[in-house]
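[1] Fold the following for me, if possible:
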Amino acid sequence: LPAAGQGKAAPGARRGRDGPGAAGAARRRRRQRAPEPGRNKATVKGRVVKSAIEEYHKKKPVDHLRENLQYMLKGRLVADKAVTKKVLAQNRGRKSKDQPPEKAEKKKPEGTVFTEEDFRKFEREYFGIP
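    Numbers count the residues shown, from 1 in each chain. Below you'll find the model as predicted:
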């Protein structure tokens, strides 16, 4: 039975676990606690010894050449030249240093329409040489 004159306290007056300072109080309590006598990590008891050979085999590089070749040879779809040029142009940077030098088209030397006989005929008419 409650004592005479003592009832339940008002919710704000009661200091419990929930409230604005509850998290801070729990943190303070945790800091003050003595270190628990747990497992001593300096001892070897209970530790599993790893085999150095097994670790080496785990980290050894694996050769994927055969699988990669089979994968590459499986698909024989060749893309169109125009598409590949577009993709390569997109992957290249936009700066001028990334652009390939433009190749100037070489002009083919034009052959003459005149023959040697025409030149001789012109010489005779122009210079008067028989």
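
[2] Let me know the secondary structure of Tyr71.
    Using DSSP: H, G, I helix; E, B strand; the rest coil, the structure places Tyr71 in helix.

[3] Quick check: the gap between it and Val78.
    According to C-beta to C-beta, to the nearest Å, Tyr71 and Val78 sit 16 Å apart. All C-beta atoms are positioned from the backbone trio N, CA, C, and that covers glycine.

[4] Neighbour count for the two, which is higher?
    Between Tyr71 and Val78, Tyr71 has the larger neighbour count (other C-beta atoms under 10 Å), namely 10 against 7.

[5] Which pLDDT value does the model give that one?
    We have a pLDDT of 89 for Tyr71.

[6] Over to Gln99?
    83.

[7] Hmm, Arg92 and it touching each other?
    Yes. Under the criterion of C-beta atoms under 8 Å, Gln99 makes contact with Arg92 at 6.9 Å.

[8] Any stretches of this structure with poor pLDDT?
    Confidence mapping of the chain against pLDDT under 70 gives the ranges 1-3, 5-43, 129-130.

[9] which residue ranges form the strands in it?
    Counting by DSSP state E, one finds no strands in the chain.

[10] quick one: the helices in this structure?
    Here the chain has its helices, by DSSP state H, at 22-32, 52-59, 65-74, 81-91, 116-127.

[11] can you redo these as a markdown table with distance to Lys45?
    Output for those, formatted as a markdown table (distance: least, C-beta to C-beta, whole Å):
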| stretch | distance to Lys45 |
| --- | --- |
| helix 22-32 | 28 |
| helix 52-59 | 21 |
| helix 65-74 | 45 |
| helix 81-91 | 58 |
| helix 116-127 | 108 |
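
[12] Provide a list of residues in contact with Glu110.
    By C-beta atoms under 8 Å, 6 or more residues apart in numbering, the contact set of Glu110 is empty.
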